[in-house]
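Trainee: 3D, please:
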Amino acid sequence: MSAISPYLIALIAALLAAHIIKYIVALLHSTAEDFWHQLFTSGGMPSSHAATTLSVTTMIALRDGISSGLFGLAAVLVLIVCYDAVKVRRSSGEQGEAIKQLIKETGSTVRIPRAAKGHTPVEVAVGVLLGVVIGYVVYIATI
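Mentor: Numbering: from 1, shown residues only. Sure, this is the predicted structure:
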């Protein structure tokens, strides 16, 4: 039986670290719900999407090299994920909040929709940094 992939170890470690940090930050701001609910809430500090994609991309860079096709593919994925978090999901989240406000102010009977949050550029940058650090630590631990 083979050992678990170091790429998956990096991904899981980054995901867990990001959500634990996100939970602690929410506790400090008195906005935290229970941990399991917080685990599936979008938005917040740091971006777990950025952390997970960067942890795997860092592992690929260190193990396979930056000239590998796999690294190129991972880099494209990171750019798409980070752009989406800051531009698309953040914008749609802000629009969702505005719609919720309008529904409440007008007294409409329309069901209030869930508005998923995106990320600020700082939340994504911290997720990127966290991902790189975790990817590097996992690489060192698994060589």
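Trainee: where in this structure is pLDDT low?
Mentor: Along the chain, the model assigns pLDDT under 70 to residues 1-2, 31-32, 35, 38-39.
Trainee: go again using 50 as the cut-off
Mentor: 1 (pLDDT under 50).
Trainee: all helices of it, in order?
Mentor: 6-28, 35-39, 48-64, 69-83, 89-106, 121-142 (DSSP state H).
Trainee: elements contacting the longest one?
Mentor: What it means is helix 6-28. Counting contacts by 3 or more Cβ pairs under 8 Å, 6 or more residues apart in numbering; DSSP states H and E, helix 6-28 packs against helix 35-39, helix 48-64, helix 121-142. The C-beta positions use only the backbone N, C-alpha and C, and glycine is treated the same way.
Trainee: need these in CSV (columns: mean neighbour count and distance to A75).
Mentor: Formatted as CSV, the helices and strands packed on helix 6-28 follow (neighbours: other Cβ atoms under 10 Å; distance: least, Cβ to Cβ, whole Å):
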stretch, mean neighbour count, distance to A75
helix 35-39, 13, 27
helix 48-64, 24, 6
helix 121-142, 20, 12
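Trainee: so A61 touches G72, yeah?
Mentor: No: if you go by Cβ atoms under 8 Å, A61 and G72 don't touch, sitting 10.6 Å apart.
Trainee: mind putting the helices of the chain in a markdown table, distance to I112 included?
Mentor: A markdown table is the format used below for the helices of the chain (distance: least, Cβ to Cβ, whole Å):
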| stretch | distance to I112 |
| --- | --- |
| helix 6-28 | 22 |
| helix 35-39 | 18 |
| helix 48-64 | 26 |
| helix 69-83 | 28 |
| helix 89-106 | 5 |
| helix 121-142 | 25 |
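Trainee: quick revisit: let's have the helices and strands packed on helix 6-28 in TSV, adding distance to T106.
Mentor: Formatted as TSV, the helices and strands packed on helix 6-28 follow (distance: least, Cβ to Cβ, whole Å):
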stretch	distance to T106
helix 35-39	29
helix 48-64	34
helix 121-142	32
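Trainee: fine by me, thanks again.
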